[in-house]
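Trainee: When you get a sec, could you give me coordinates for this:
(chains A and B)
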Number of protein chains: 2
Amino acid sequence: MALIVQKYGGSSVGSVDKIKRIAEKIKGYRDRGDQVVVVVSAMGGETDRLTELAGELSGRPVPREMDVLLSTGEQVTIALLSMALSHIGVKARSYTGWQVPIVSDGHHSKARIEKIDEDNLRATIDDGAVAVVAGFQGITGDGSISTLGRGGSDTTAVALAAALKADECQIYTDVDGVYTTDPRVVSGARRLDKITFEEMLEMASLGSKVLQIRAVEFAGKYGVPLRVLSTFEEGPGTLITLEEYVEEPIISGIAFTKDESQLTVLGVPDRPGIAYSLLGPIGENNIEVDMILQNVSGDSSSDYTLTDFTFTVHKRDYETAKELLEKAAPGVGAREVTGTPDVCKVSLVGVGMRSHANVAARMFKALADENINIRMISTTEIKISIVVENKYLELAVRALHDEFELDEEPKRVESELTPAADQ
Amino acid sequence: MALIVQKYGGSSVGSVDKIKRIAEKIKGYRDRGDQVVVVVSAMGGETDRLTELAGELSGRPVPREMDVLLSTGEQVTIALLSMALSHIGVKARSYTGWQVPIVSDGHHSKARIEKIDEDNLRATIDDGAVAVVAGFQGITGDGSISTLGRGGSDTTAVALAAALKADECQIYTDVDGVYTTDPRVVSGARRLDKITFEEMLEMASLGSKVLQIRAVEFAGKYGVPLRVLSTFEEGPGTLITLEEYVEEPIISGIAFTKDESQLTVLGVPDRPGIAYSLLGPIGENNIEVDMILQNVSGDSSSDYTLTDFTFTVHKRDYETAKELLEKAAPGVGAREVTGTPDVCKVSLVGVGMRSHANVAARMFKALADENINIRMISTTEIKISIVVENKYLELAVRALHDEFELDEEPKRVESELTPAADQ
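Mentor: From the prediction side, this is the model:
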């Protein structure tokens, strides 16, 4: 008997039939004696439908009211799933965000959870019922409905698991776990039985969109064991854990992001405040900047040391970002603004690379062997990211998957184990 | 400057365009300096959509969860209308039932309002904003979402008007007021400028379904001036008021109900408990009984005085009711059960008939002149109802409309004014 928090996303609850199947699945856990708290998203398509209605009324709908609108999506699902459970003899009680309550800050549409009072949920599960909670929503201090931002149901599940000290938080999705890379790109991609939170964070933020990154951070912070698994297929999924492996692979996986653009400001006299002068206007226009590199330029024909700035933005923001840079460039004495609209980012992720110095070298050699030109390199302790032209994406991912033998089960290797808690 | 509570029903908010038009209408009141609280229903069709989803899951959905489900309908509307108002520069703030809060009892799907705390709404309108409130819903003492039953948005509006001591409660509908009878039946039907609560109650309960009867009762009880008017046409509508008219017509209007059935139990020995023995099984089967008549039968050939019972039920319940009666009849020694499945009820309504004794006679003569056979007669102080065969419905309504000259503006007549409060 365990206390399990389960989360089912929009495609898992996309129809009445799917809701019935999930009810049966939950019944299986209850029959086994587990206590179950279920977090659900809006039915697939519902959030888009509501967003469209709002869009017809206003180009910039009031955020407070947008949250009132969108939060109905999950409310419909909790009611339907509770009915489905009752119908097959499983006691159930639905909870909206404010009924739990899940208290958030006042940032409508991207609120953060501040406090969860778990007493109501505890009473429900102790009473032998399944608590069915609306994901993605909370209540602000002044009694308004808030939403945690799209996809925030994962965060709700993890936060509830932490508050209830659950034995496991299960995130049910379309896929049966976390893979070494995208199986659509590399046919030999392999499901991982386990992955550390750190690795998962790097994988998630880099485009392997299995889990919301905030949910993984949250789970890591509160030590909630997190499992990603398939809604409609049997299988153990992937456990995301604080423990590092004894059988430690060097590399866990390869993440990638398409549709990036690269922008470079050349020959900037290196003075304090330069980075802010260039990136400030970008940020003010709500353009998200990903990788940022700065390095001293070869050109030293002026009184100042010259430097080059390079960074990446999403492709849709390329033109706007370029214009903003071209406006800002003269003010900082920059020589030129250049850019490439179509690049992608490929990242090797693995805690194992900490103790294996030659990973970068192996990576660059594998890419060179395929004649792939690397345009940017950025590294962290457990990740090496490179930017290449879009057309090389698949080739790069496959070459690296082969090089690090990710299609094979990891071999036992010697490594200095670093307890996650000390980091 | 006045404080006005307005209620817009499902067809008034049935599309984004209609919501925009309502927002403009509300802006007109704000520009004039009025304080406005708006109560809205779910967008037309939404409640049916949600009910269907629930129906696919369970034949008898859990009432608590049904309320969680259905209450999302109004929540969507309050968000959209608030956005629409903000978009045209009118400050607005939405309120779900629990946010007001509107506290109800725990009878899910047919809850009654127990208490309204008007402080939040008051703060919003004093702040110069429009308060947009979800109709039809409340919160129970234990924090569950409740609904007031379908169409309960009228009641929400009246209850808020009472709590806020509003100057007027305006119910916007498809029609531009209360008519002397259904204009589809009598082309000369005339819109009434005013009607008393008593008359409105008789009209509403008898089939002129402009307003929810509970809302009218509530408004009468708390002395809330109620006005029925059209959403998309200009006009003063009909004011429902405590005051009786100085220019008092004898008859205010003619209400009718189609699709009734008449059932008669003949020759019942008249002993205590007979009525219960016959009607008990009907009530236990949730069949609503409308008119009930009992009169001593001409047949006196037994030891007991014999009596006949006649009552009406909705046509859909005719067969069931007849079977139940046939089962119960032998137990009370009744001679026979007869019935007519297709009858209708036509009622003259008017406070003026109190002081005019010959109204019934004029009514019966007008019907006799058209060769309409009257099957049942039932009267109250301000109403005379008759039951006739369905085929005579239109003829009867037109004959009475002519007889009492309802197409003409009421003439000033002498009458003993009875203050409503004394009745």
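
Trainee: May I have stretch A:113-125 exported as PDB, CA atoms only?
Mentor: Output of stretch A:113-125 as PDB, limited to C-alpha atoms (Å, rounded to 0.1, in the frame of the first residue of the first chain):
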ATOM      1  CA  ILE A 113       2.400  27.800  -5.900                       C
ATOM      2  CA  GLU A 114       3.100  29.400  -2.500                       C
ATOM      3  CA  LYS A 115       1.300  27.100  -0.100                       C
ATOM      4  CA  ILE A 116      -0.700  23.900  -0.200                       C
ATOM      5  CA  ASP A 117      -3.000  23.000   2.700                       C
ATOM      6  CA  GLU A 118      -3.200  19.200   2.300                       C
ATOM      7  CA  ASP A 119      -5.800  18.600   5.100                       C
ATOM      8  CA  ASN A 120      -8.800  18.300   2.900                       C
ATOM      9  CA  LEU A 121      -7.100  15.900   0.500                       C
ATOM     10  CA  ARG A 122      -5.800  13.900   3.400                       C
ATOM     11  CA  ALA A 123      -9.300  13.600   4.800                       C
ATOM     12  CA  THR A 124     -10.600  12.400   1.500                       C
ATOM     13  CA  ILE A 125      -8.000   9.700   0.900                       C
END
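
Trainee: Which positions in that stretch come out as buried?
Mentor: Across stretch A:113-125, burial judged by 16 or more other CB atoms under 10 Å in any protein chain shown covers A:Ile113, A:Ile116, A:Glu118, A:Leu121, A:Arg122, A:Thr124, A:Ile125. Every C-beta, even on glycine, is put in place using the N, C-alpha and C of the backbone.

Trainee: I'd like those as TSV, with secondary structure appended.
Mentor: Formatted as TSV, the buried residues of stretch A:113-125 follow (DSSP: H, G, I helix; E, B strand; the rest coil):
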residue	secondary structure
A:Ile113	strand
A:Ile116	strand
A:Glu118	coil
A:Leu121	helix
A:Arg122	helix
A:Thr124	helix
A:Ile125	helix
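
Trainee: quick check, nearest of the residues you listed to B:Val38?
Mentor: Taking CB to CB as the measure, B:Val38 lies nearest A:Ile113 of the buried residues of stretch A:113-125, at 32.0 Å.

Trainee: residues in contact with that closest one?
Mentor: A:Ile102, A:Val103, A:Ser104, A:Gly138, A:Leu148, A:Thr155, A:Thr156, A:Ala159 (CB atoms under 8 Å, 6 or more residues apart in numbering or on different chains).

Trainee: among those, which two are most distant?
Mentor: Checking the contacts of A:Ile113 with CB to CB, the most distant pair is A:Val103 and A:Thr155, at 13.8 Å.

Trainee: Tell me how far the lengthiest helix in chain A lies from the chain's centre.
Mentor: Ranked by residue count, the top helix of chain A under DSSP state H comes out as helix A:63-87. Here the centre of helix A:63-87 is set off from its chain's centre by 23 Å, with CA atoms, centre = their mean, to the nearest Å.

Trainee: does any bit of that helix sit next to chain B?
Mentor: Yes. For helix A:63-87, a contact with chain B is found by CB under 8 Å from any CB of the partner chain, at A:64-66, A:68-69, A:71-72, A:75-76, A:78-80, A:82-84, A:86-87.

Trainee: circling back: dump the contacts of A:Ile113 into TSV; add pLDDT and secondary structure as well.
Mentor: Output for those, formatted as TSV (pLDDT from 0 to 100; DSSP: H, G, I helix; E, B strand; the rest coil):
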residue	pLDDT	secondary structure
A:Ile102	97	strand
A:Val103	97	strand
A:Ser104	94	strand
A:Gly138	97	strand
A:Leu148	90	coil
A:Thr155	91	helix
A:Thr156	95	helix
A:Ala159	94	helix
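
Trainee: For A:Val103 and A:Thr155, indicate the residue with more neighbours.
Mentor: Shown here are A:Val103 and A:Thr155; by other CB atoms under 10 Å in any protein chain shown, A:Thr155 has more neighbours (28 against 18).

Trainee: Hmm, that one is touching A:Gln137, no?
Mentor: No. If you go by CB atoms under 8 Å, A:Thr155 and A:Gln137 don't touch, sitting 10.8 Å apart.

Trainee: Cheers, nothing more for now.
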